[in-house]
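Q: for reference, the sequence and a predicted model appear below.
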Amino acid sequence: MRLFNTQSQQVEELVVNEGHVGLYVCGVTPYDTTHVGHAFTFLAFDILVRYLRDQGERVTYVQNVTDIDDDILRKAKEVGLTWDELGKRETARFRQEMRDLNALDPDHYLAATGHIPEIVALVETLLAKGLAYESGGNVYFSVARDQEFGKLSHLPRPEMLPIANERGNDPDDPKKQDPLDFVLWQAGAEGEPTWPSPWSAGRPGWHIECSAMSTSVLGPTIDIHGGGYDLIFPHHECEISQSEHATGVKPFVRYWMHAAMVDYQGEKMSKSLGNLVLVRDVLNSYRGDALRLYLLSNHYRESWEYQDEEIERWASVANDLREAVEFPAYGIGDILDVTRDRDLCRAALDDDLDTPRAIEHIQAIGQAILEAPEDDDIRGAQRELKALGALIGLDFQQPV
């Protein structure tokens, strides 16, 4: 199998060590409902896990939830819930909506607040190695100490700060030595949840959470680390720096995989803009197969725009495929041969998860079944259609 590696900017052969693949995917911050941009990202990794397991590989799939965050604290106050009540409610909703899309559950679903001791230990290691510094109860990673900082995003330093500032960095923090330094531990404000540490009662920074969680399950080197394209910088860049310096092991990640953004009404779909298409709203009118097919009809690395009218077309495709699977198979004449489309479908998935091309061949098999002469034996073709459908996560549900 070949995958595009964000770090090398090349499609590379996936080399599997000892028949095992460790996969870590950055999950949601559970303060609001799931939109189709989220679903697009997680379905890409769902297909990856399905395909690798179909190939006989043993996959350990780890996903996290950032269950303590400024956005969670703010939203909890707005809706009159505690931060953990809100986080648990929205996490449960997200996981159910992913199941409604027939997404596989991760083998390990990790919450940041469940790994505070590991986080504190990681921060202590970075301090002991001189990569971090304490200031007023906060602990920061010193970006200047890492000469390789930027090796994932390939951004020149002048471009780093504006992007970091858009994504949670405070360049005016007087406790910092450098505006680009990032928080490993922050002292808690009055009324906020805190955990004990050698520096202050506080909570972890965003980036260090994922380093602690991923290494706790998968060790110092992860085979594949993924998430949305907007996590490349600063989140994943910072993960590399702190992880490789803390463990002394390189690389932290062998293959970096990122899903593109989804636009809606001319702009990137995002909670901050409010231009969201919610998964639950779509699934109130359409079955999961329809939305799954629509999302997977776009390559995971290519940005695209969600069109409301397109879901209707893919609902029709889902119904046609279901009809082909259930079509009465009475013929005992010529065997309907779909070998070519089967092989081309698998070859497409083998080539950087080319789901649009794979779906074309799945549709071709479905059409061949429905248009086959009455005497043809279509049973083998139907078995192939079911198997390929399962490979991309279809369950051939009944229509609405």
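A: Structure's in. What do you need?
Q: secondary structure element holding residue 164?
A: Here residue 164 is covered by helix 157-166, with elements defined by DSSP states H and E.
Q: what is the subsequent helix or strand relative to that helix?
A: Next along from helix 157-166, by DSSP H and E: strand 182-187.
Q: that next one pairs with which strands, parallel or anti?
A: strand 138-141 (antiparallel), strand 202-204 (antiparallel) (DSSP bridges).
Q: next one: residue 187 from residue 138, what distance?
A: 6 Å (Cβ to Cβ, to the nearest Å). The way it works is simple: take the backbone N, C-alpha and C, and place the C-beta from them, glycine included.
Q: ok, now residue 235?
A: Residue 235 is 19 Å from residue 138, by Cβ to Cβ.
Q: which other residues reach the helix or strand bottoming out on mean pLDDT in the chain?
A: Ranking every helix and strand in the chain by mean pLDDT, DSSP states H and E puts strand 267-268 at the bottom, with a mean of 89. Contacts with strand 267-268, where a contact means Cβ atoms under 8 Å, 6 or more residues apart in numbering, come from 37, 261-262, 273, 275.
Q: and with 6 Å instead?
A: Strand 267-268 is touched from outside by 261, 273, 275, with contacts defined as Cβ atoms under 6 Å, 6 or more residues apart in numbering.
Q: which one is the most far-flung residue of the chain relative to its centre nearest to, not counting chain neighbours?
A: No residue in the chain sits farther from the centre than residue 333, which is 46.1 Å out by Cα atoms, centre = their mean. Of all residues beyond its chain neighbours, the one nearest residue 333 is residue 375 (3.7 Å), with distances taken as Cβ to Cβ, 6 or more residues apart in numbering.
Q: check residue 314 too.
A: Leaving aside its sequence neighbours, residue 314 is closest to residue 294 (4.1 Å, by Cβ to Cβ, 6+ apart).
Q: could you do residue 233 as well?
A: residue 153 (4.0 Å).
Q: residue 174: which of the strands paired with strand 182-187 is closest?
A: For the strands paired with strand 182-187, proximity to residue 174 was assessed by Cβ to Cβ; strand 138-141 is nearest, at 10.6 Å.
Q: after the host helix or strand of residue 244, next one along is what?
A: In the assignment (DSSP H and E), residue 244 maps to helix 237-247. Scanning forward in sequence from helix 237-247 by DSSP H and E, the next helix or strand is strand 253-259.
Q: now do that following strand, average pLDDT.
A: Mean pLDDT, strand 253-259: 99.
Q: so what secondary structure elements neighbour the helix or strand containing the residue nearest to residue 314?
A: In this assignment (DSSP H and E), residue 294 forms part of helix 288-296. Judged by 3 or more Cβ pairs under 6 Å, 6 or more residues apart in numbering; DSSP states H and E, helix 288-296 is in contact with helix 310-326.
Q: give me the contacts around the helix it packs on.
A: Contacts of helix 310-326 (Cβ under 6 Å, 6+ apart): 286, 289-290, 293-294, 366, 369-370, 382, 385-386, 396, 399.
Q: a markdown table for those, including neighbour count, pLDDT and distance to residue 352?
A: Formatted as a markdown table, the contacts of helix 310-326 follow (neighbours: other Cβ atoms under 10 Å; pLDDT from 0 to 100; distance: Cβ to Cβ, whole Å):
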| residue | neighbour count | pLDDT | distance to residue 352 |
| --- | --- | --- | --- |
| 286 | 18 | 95 | 28 |
| 289 | 26 | 97 | 23 |
| 290 | 24 | 97 | 25 |
| 293 | 25 | 98 | 19 |
| 294 | 25 | 99 | 20 |
| 366 | 25 | 98 | 24 |
| 369 | 24 | 96 | 28 |
| 370 | 13 | 96 | 30 |
| 382 | 20 | 97 | 29 |
| 385 | 27 | 98 | 23 |
| 386 | 16 | 97 | 25 |
| 396 | 18 | 89 | 26 |
| 399 | 13 | 64 | 32 |
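Q: got a markdown table for those residues, with distance to residue 98 too?
A: A markdown table is the format used below for the contacts of helix 310-326 (distance: Cβ to Cβ, whole Å):
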| residue | distance to residue 98 |
| --- | --- |
| 286 | 16 |
| 289 | 14 |
| 290 | 16 |
| 293 | 16 |
| 294 | 16 |
| 366 | 25 |
| 369 | 30 |
| 370 | 31 |
| 382 | 28 |
| 385 | 24 |
| 386 | 22 |
| 396 | 19 |
| 399 | 22 |
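Q: what about residue 105, distance to residue 86?
A: 22 Å.
Q: comparing these two, which residue is more hemmed in?
A: With neighbours defined as other Cβ atoms under 10 Å, residue 105 and residue 86 compare such that residue 86 has more, 22 against 12.
Q: do I have it right that the more buried one meets residue 76?
A: Yes. Look at residue 86 against residue 76 with Cβ atoms under 6 Å: they come within range, at 4.4 Å.
Q: the helix holding residue 294 versus helix 310-326: what angle between them?
A: If you take axes from the mean of the first three to the mean of the last three Cα atoms, to 10 degrees, helix 288-296 sits at 120 degrees to helix 310-326.
Q: contacts for helix 288-296?
A: Helix 288-296 has contacts (Cβ under 6 Å, 6+ apart) with 40, 43, 100-102, 282, 310-311, 314-315, 317-318, 355, 393-394, 397.
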